[in-house]
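Q: Take this sequence and fold it.
(chains A and B)
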Amino acid sequence: MATGFHGVGAAVAALSSSPSNSFDSKKLLCSPRRSFPVRKGASFVADRSDGSVNLDLNPKARRAQQLIVNAVANKADSSPASSSSKPGHELLLFEALREGLEEEMDRDPRVCVMGEDVGHYGGSYKVTRGLAEKFGDLRVLDTPIAENSFTGMGIGAAMTGLRPVVEGMNMGFLLLAFNQISNNCGMLHYTSGGQFTIPIVIRGPGGVGRQLGAEHSQRLESYFQSIPGIQMVACSTPYNAKGLMKAAIRSENPVILFEHVLLYNLKERIPDEDYICNLEEAEMVRPGEHVTILTYSRMRYHVMQAAKTLVNKGYDPEVIDIRSLKPFDLHTIGNSVKKTHRVLIVEECMRTGGIGASLTAAITENFHDYLDTPIMCLSSQDVPTPYAGTLEEWTVVQPAQIVTAVEQLCK
Amino acid sequence: MATAFSAPKLAAQPFNTISPTSQHKPLISPTAASPFLGSTRKLLRLSSSSQLNLRRRSSGSVFAVSDIVKEKKSTSIPSLLITKEEGLELYEDMVLGRAFEDMCAQMYYRGKMFGFVHLYNGQEAISTGFIKLLKQQDSVVSTYRDHVHALSKGVPARAVMSELFGKTTGCCRGQGGSMHMFSSEHNLIGGFAFIGEGIPVATGAAFSSKYRREVLKEADCDHVTLAFFGDGTCNNGQFFECLNMAALWKLPIVFVVENNLWAIGMSHLRATSDPQIYKKGPAFGMPGVHVDGMDVLKVREVAKEAIARARRGEGPTLVECETYRFRGHSLADPDELRDPTEKAHYAARDPITALKKYLIENNLSGEAELKAIDKKIDELLEDAVEFADESPLPPRSQLLENVFADPKGFGIGPDGRYRCEDPKFTEGTAHV
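A: Numbering: from 1, shown residues only, chains lettered A, B, ... in the order given. Got it, this is the predicted structure:
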């Protein structure tokens, strides 16, 4: 990646050739987007979300920043030589979340955590491990099992000056908090005429895991997306997990941060310095020319695995991790559509009413003229996630299906 | 770090909210004379000593309020429950509440306000009795029957009336309406349309208060939160979940049940397995008190103790106020189910008439003075209606404001700029 781009303030990330992953998703404390003008009609200028400007990459340069990735969580990178020579520090995704949370709690004493088993137990996925010992039982509050009420309590606390981070032990449990999230979290700023702000962060692991059964494998982003007044983001790498966590806590809006059960052990090297990821922006994972693949969360890794196969077959997919599920970053997405004219959406939501469905509608509405072929959307099957491993595998989108879809799109 | 609190050891804290004689009364309809109507229970203050010690009221225990009044009357030197100033303040507040609601009904039938409007006639004693004891920094959380709570908390009648008319000068810029009264200045945190959903918010406000005191070290922060809700809500999960959390963490909150016996057309007795709601407090580790909600002085006495308890950091109290709404559930409710004798029974216990009688009988005030207050309120309301009438309707540009505190939340449009920078956004015509 370093060879192809020369950008203002763009971080230089060395590529690791080992199976463990480091991605070119780096971005320092974001400079305002608007300082980089978009030139209309010039299809070779792409306004990159990392602040650099891409000027007509030649194929050689493009291949140099090709990524080698695997579908899901990997074992740790065990080679000390590669670790010590690079700046920053390595950690796992759940540690990155914790680091972001801890830094924000250090920075602002009004930031507090509420949820089941977040305190003494350290969080069911260890995101809050050690925080209760450091900050005390009131700042890292172990709640009883009453999602609706403790989410509402978080909202009331947010309205009266605190900045709570509410954890749903599994995002599916937040279905019980739907009343509070829809009616109060999303709406009260408006119905109070702007008098009360609700700077709450609601986060938790969701998505299809390893045979967790139907109820623990839900994708709540599709249910929450219509609620006015909230923002939704999905993290997928340690870098953007920490960045999004911090940005969400600092935001004055209520933000729902979706994590994925299978991504918690991803390892990456992240910068030592303070940084946030813009809540409303998408992330360019792999620039390309032939087709735009839009994805988020765990499906990003299935897409990147399929990308390996596709590149070997001679295709050049552009992969964008949309990150912001609500609102969509139509600028990054639009620029990509204008370049490639073909769109494939790969998501873990169900086909009906999922994020992909909304995204298809948004792209069709805004960029219809730029499409050479109808948008293709790969989603999970509209079934309750089965327990059996084979059935579960067929419920979600697999890399082979992505390859087939791209081939079909590019015919 | 040390734990800030641990689960209360219930064994060491004796509760006795039910006097032995009426413990197992059968279910009877409220229209018949029963201990449930107008009865009060003895409440023992939670103390570290395990002795059941009925102490005099002056040391802080809460007694059955009718006993207090009886006690006071029987001593040789009559001492009143209120001073003249307090009495007039209470009277004025209740008259304001009543007159305002009557004006709302008029305005509704004249087509000035729409939707669901829920009036508070008959329940004024609870709002006045509790809220007039609060400081500005204390919070009040209400339900959809919130006009009078707003007025008692200090929100100007003009602002409330404008909000009901849907004008931009309303307390919520016309965006909330009858069921969503908010005021950050007066710490009125809603106004909620779904029953029960305000109780967790109130619990959160109380949590904030405790957090400020213990984590942010604002030593003098002793803000109390009052959560008002009805009998129907007491069968809702959020009620019980919050009773648990508030007692667990000793949050400075008072749960005030305005038991008017009816949830639209559902009688409390038909909906609740144990209709004595105050008994549910001790089940969670907090005192449960029953009080006659048609008598503002009794409500005030109980409120004083409950609020003081919360301020001292001793935790929540559940107060059940037996009351009645003179009108239907809302202005759309034909109110055909309720028995006229029941209505007559409670109409005879009108809290405003009762207070007026008390003031006059105890020489705290006279007819003329009270009539002057009535007139003053009438003029205030005429002014409020006029103000609301003349206020402008919200312009189109207001449509997209206040959806997000940070309007960047609308995202980035295809042209690379944030949508909120689009001029159509401020005009309210942008498509987001």
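Q: May I have stretch A:244-257 exported as CSV, CA atoms only?
A: Extracted C-alpha coordinates of stretch A:244-257, given in CSV (Å, rounded to 0.1, in the frame of the first residue of the first chain):
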residue,chain,number,x,y,z
LEU,A,244,-15.2,3.7,16.2
MET,A,245,-15.6,3.0,20.0
LYS,A,246,-13.8,6.3,20.8
ALA,A,247,-15.8,8.2,18.2
ALA,A,248,-19.0,6.8,19.4
ILE,A,249,-18.3,7.7,22.9
ARG,A,250,-17.4,11.2,21.9
SER,A,251,-20.4,11.7,19.7
GLU,A,252,-23.3,13.6,21.0
ASN,A,253,-25.7,11.3,19.1
PRO,A,254,-26.8,7.9,20.3
VAL,A,255,-24.7,5.4,18.5
ILE,A,256,-25.1,1.6,18.3
LEU,A,257,-21.8,-0.2,17.8
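Q: can you give me the helices in chain A?
A: A:59-64, A:80-85, A:93-107, A:131-135, A:147-159, A:178-179, A:188-191, A:221-224, A:238-250, A:299-312, A:330-340, A:355-367, A:389-395, A:399-409 (DSSP state H).
Q: winner for burial among those helices?
A: Compared across the helices of chain A, helix A:147-159 shows the largest average neighbour count, a mean of 30 (mean count of other Cβ atoms under 10 Å in any protein chain shown). Heads up, the C-betas are built off the backbone N, CA and C, glycines and all.
Q: Is that one in proximity to chain B?
A: Yes. Where contact is defined by Cβ under 8 Å from any Cβ of the partner chain, part of helix A:147-159 touches chain B, namely A:148-159.
Q: where does the stretch 51-200 of chain B dip in pLDDT?
A: For the stretch 51-200 of chain B, the stretches flagged by pLDDT under 70 are B:51-78.
Q: I'd like to know which elements the strand or helix carrying residue B:97 is packed against.
A: Here residue B:97, judged by DSSP states H and E, is contained in helix B:84-109. Packing partners of helix B:84-109 (3 or more Cβ pairs under 8 Å, 6 or more residues apart in numbering or on different chains; DSSP states H and E): helix B:124-131, helix B:147-153, helix B:157-165, helix B:296-311, helix B:351-361, helix B:367-390.
Q: Next up, the contacts around the spatially closest residue to residue A:364 that is not a sequence neighbour.
A: Spatial nearest neighbour of residue A:364, excluding adjacent residues (Cβ to Cβ, 6 or more residues apart in numbering or on different chains): residue A:375 at 6.5 Å. For residue A:375, the contact set (Cβ atoms under 8 Å, 6 or more residues apart in numbering or on different chains) comprises A:343-345, A:360, A:363-364.
Q: on that earlier part again, quick one, which of the helices and strands packed on helix B:84-109 is nearest to residue A:120?
A: helix B:296-311 (27.2 Å; Cβ to Cβ).
Q: how about the CA coordinates for stretch B:335-343, as CSV?
A: This file holds the C-alpha atoms of stretch B:335-343, laid out as CSV (Å, rounded to 0.1, in the frame of the first residue of the first chain):
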residue,chain,number,x,y,z
ASP,B,335,-66.0,7.2,30.0
GLU,B,336,-69.1,4.9,30.0
LEU,B,337,-67.7,2.1,32.1
ARG,B,338,-67.2,3.8,35.4
ASP,B,339,-70.0,3.6,38.0
PRO,B,340,-71.6,7.0,38.6
THR,B,341,-71.7,6.3,42.4
GLU,B,342,-68.0,5.8,42.3
LYS,B,343,-67.5,9.1,40.5
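Q: Contacts for that stretch, please.
A: Stretch B:335-343 is contacted from outside by B:30-31, B:261-262, B:265, B:267, B:324, B:326-329, using Cβ under 8 Å, 6+ apart.
Q: Show me what the host helix or strand of residue B:228 is packed up against.
A: For residue B:228, the element it lies in under DSSP H and E is strand B:225-230. The contact analysis (3+ Cβ pairs under 8 Å, 6+ apart) places strand B:225-230 against helix B:124-131, strand B:139-141, helix B:198-214, strand B:253-259.
Q: try 7 Å this time
A: Helices and strands touching strand B:225-230, by 3 or more Cβ pairs under 7 Å, 6 or more residues apart in numbering or on different chains; DSSP states H and E, are strand B:139-141, helix B:198-214, strand B:253-259.
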